[in-house]
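> I need the structure of the sequence given here:
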Amino acid sequence: MDFQSIATTVVTSGIVSSLFTLGIQTYLKQGITHHFNKELALFNAEIAVQAESRKLDFDRKMHDFSIYSTKRHEFYPELFKKLHKVIADFKGVEDIVLISTEFIALEDKNTFTNYLNDLGVIFNERLKNQIDELFKEYERDSDLDKHLLKARHVIEHHLLTEIGKKYDALHEFYIGNLLYFSDDVSKESNILIQGLGYLLAPITIPPHLKEKFNKELLCQEIESGLFKLKEIIKNELSVGDYS
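Next comes the predicted model:
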């Protein structure tokens, strides 16, 4: 075999070897690429499932949060209004009693009842009957002092009974919607409601507190507590505190 044949054989063998090596590399590369693409597709599919699941969970939470937020914006003003109304009505009892009984001896029954009406007193059958009996007694004995004392007692009892109904509605509202109140609002509201309960029904005061009970001081504390609650509510609704 001459040199040229040997060279040709070597060159040909090299080319064949290179082509074979290239083929193997291409095959391996394609195999790796196919495997990678397959794994990537599976990964993307899993990510898509997780993303959809998270989106649904996020949408659900946003929906729940929206309801929660809406409830707070609805219930906070209502809570404050009910508290303020009970406190204001209680503070006004003494004035209404004194004002309404100043002219009993000078006016007839109809004028007296109309006067009470103008003061915002809500009449029921019981109060009407008590006033009727009051004036009948006064016609019989004309004892002004006794008449005034009884009139004041009747009106005060009636007013406190009506306030008691509002207090019960306030307490029921508080308990029924406690889930939507923050810890701070819940705490301050509970203190106010408890204090109002002591004012309206002193008999409910625990024995260890009776010696320290002071009506005027408690009224001042309630007024201060109402202002504090107002500031807490305003802050939470303005900055979005949803703890």
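> which SSE is immediately downstream of the helix or strand bottoming out on mean pLDDT in the chain?
Using mean pLDDT, DSSP states H and E, helix 3-100 stands out as the lowest-scoring helix or strand of the chain, at a mean of 68. Under the assignment DSSP states H and E, the closest C-terminal helix or strand after helix 3-100 is helix 109-118.
> what comes up buried for that following helix?
Buried residues in helix 109-118, defined by neighbour count with 16 or more other Cβ atoms under 10 Å: 109, 112-113, 115-116. C-beta here means a position set from N, CA and C on the backbone, and glycine is covered the same way.
> tell me who's in contact with S100.
With contacts defined as Cβ atoms under 8 Å, 6 or more residues apart in numbering, S100 is in contact with 112, 115-116, 119, 121, 151, 155.
> adding pLDDT, write those residues out as CSV.
Written out in CSV, the entries for those read as follows (pLDDT from 0 to 100):
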residue, pLDDT
F112, 81
Y115, 81
L116, 84
L119, 82
V121, 87
A151, 84
I155, 89
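> from the residues you listed, which single one is nearest V86?
When the contacts of S100 are compared for distance to V86 (Cβ to Cβ), V121 comes out closest, at 16.3 Å.
> from L192, how far out is L226?
Using Cβ to Cβ, to the nearest Å, L226 is found at 6 Å from L192.
> cool, N117 as well?
For N117, the distance to L192 equals 30 Å [Cβ to Cβ].
> again, but for L160
Relative to L192, and taking Cβ to Cβ, L160 is found at 18 Å.
> compare those two and say which is more crowded by neighbours.
Here L160 and L192 are set side by side on neighbour count (other Cβ atoms under 10 Å), and the busier one is L192, at 24 against 17.
> if I look at the more buried one, how far off is K165?
When Cβ to Cβ is the yardstick, L192 and K165 sit 18 Å from each other.
> straight-line length of stretch 173-188, end to end?
In terms of Cα to Cα, to the nearest Å, the two terminal residues of stretch 173-188 are separated by 15 Å.
> contacts for it?
Residues from elsewhere that reach stretch 173-188, judged by Cβ under 8 Å, 6+ apart: 68, 71-72, 75-76, 78-79, 82, 189-190, 193, 225, 228-229, 232-233, 236, 241-243.
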